[in-house]
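Just a sequence and a predicted model for now, questions to come.
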Amino acid sequence: GQQVMQIPQYQHVQEGEDFTTYCNSSTTLSNIQWYKQRPGGHPVFLIQLVKSGEVKKQKRLTFQFGEAKKNSSLHITATQTTDVGTYFCAGPHAGNNRKLIWGLGTSLAVNP
Amino acid sequence: NAGVTQTPKFRVLKTGQSMTLLCAQDMNHEYMYWYRQDPGMGLRLIHYSVGEGTTAKGEVPDGYNVSRLKKQNFLLGLESAAPSQTSVYFCASSARDFTEQFFGPGTRLTVL
């Protein structure tokens, strides 16, 4: 069945280092969404990418959607302790647009 | 606007007991979802609704029932709780296909 995989599962960085998480889909996606969940919190929407090769920036966060629309990445420049949390990617279910297929997330820990 | 609210925040049940989780949204969203989140398993869709009076099964519907009698409310019922249903339950809503999902704060359920 359709799968969305994220790597790495965990990442531990020193504050100020960069961080990247990758999202790979088994099928072509019409769009991809990224969410952040702080420890003890709920997922919060970050961004949606729709176009092939699209790159979007939000301050220190850079999101990319692959040319084939099967992969995506989130890059954080100069991490801060406020970046701690789990980052999820999600794409529409191939047979039912009303559902999202979620990756298992990448948990980011930042040492001050 | 409160966004998406969930009641209760915490609950402890004994095996075999029943309970209902309430989700309410004030954004006039058509779509509503119930997820469960377990360590290492990401977000798994239990049931969802694409409008008042409609419901549909997600990935892990067994042991749960739902109702959407009013557009703003989505109820999740456990008829006979089992320890395997110990989890954090999130409700979410979205305006339509391909739009961001807004999550509630979650309900932490323990079944003994």
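Right, received. Where do you want to start?

count of neighbours near residue 79?
You didn't pick a chain, so chain A it is. Other residues within reach of A:T79 by the criterion other C-beta atoms under 10 Å in any protein chain shown amount to 21. (C-beta placed from N, C-alpha, C; glycine too.)

Chain B, not that one
A count of neighbours around B:E79, defined by other C-beta under 10 Å, yields 12.

any idea of the pLDDT on the closest residue to it other than its chain neighbours?
Once flanking residues are discounted, B:E79 sits nearest to B:S18: 5.3 Å by C-beta to C-beta, 6 or more residues apart in numbering or on different chains. B:S18 is assigned a predicted lDDT (pLDDT) of 97.

The helix or strand of chain A with the lowest mean pLDDT and chain B, any residue contact?
Every helix and strand in chain A was compared by mean pLDDT, DSSP states H and E; the lowest is strand A:96-102, with a mean of 89. Yes - when contact is scored as C-beta under 8 Å from any C-beta of the partner chain, part of strand A:96-102 falls within range of chain B: A:97-100, A:102.

Can you select the buried ones from these in PyMOL?
Here is the PyMOL command that selects only those of these that count as buried (16 or more other C-beta atoms under 10 Å in any protein chain shown):
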select buried, chain A and resi 98+99+100+102
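
Quick one: residues contacting A:K69.
A:K69 is in contact with A:28-30, A:32, A:52, counting by C-beta atoms under 8 Å, 6 or more residues apart in numbering or on different chains.

where in chain B is pLDDT low?
Scanning chain B for pLDDT under 70 picks out no residues.

Show me what from it comes close to chain A.
Proximity of chain B to chain A is assessed by C-beta under 8 Å from any C-beta, with B:31, B:40-45, B:48, B:50, B:56, B:58, B:90, B:92, B:97-106 identified as the residues in range.

In strands, which of those appear?
Within the residues of chain B next to chain A, membership in strands is found for B:31, B:42-45, B:48, B:56, B:90, B:92, B:102-103, as judged by DSSP state E.

Which single one of the contacts of A:K69 is nearest to chain B?
Chain B lies nearest to A:S30 out of the contacts of A:K69, by C-beta to the nearest C-beta, at 7.0 Å.

Now do the contacts for A:S30.
By C-beta under 8 Å, 6+ apart, the contact list for A:S30 reads A:50, A:69, A:91-92, A:97, B:98.

Please apply the same query to B:E59.
Contacts for B:E59 were tallied using C-beta under 8 Å, 6+ apart; they are B:44-46.

which among those residues end up buried?
Neighbour-count burial (16+ other C-beta under 10 Å) is assigned, among the contacts of B:E59, to B:45-46.

Residue ranges in chain A under the pLDDT threshold?
Along chain A, segments meeting pLDDT under 70 are nowhere present.

Close to chain B: what parts of chain A are there?
Close to chain B, as judged by C-beta under 8 Å from any C-beta, chain A has residues A:30-31, A:33, A:35, A:41-45, A:48, A:88, A:92, A:97-100, A:102-105.

are any of the residues of chain B next to chain A buried, and which?
B:31, B:42-43, B:45, B:48, B:50, B:58, B:90, B:92, B:99-104, B:106.

From these, pick the one nearest A:T77.
Proximity of these to A:T77 (C-beta to C-beta) peaks at B:E100, which lies at 23.7 Å.
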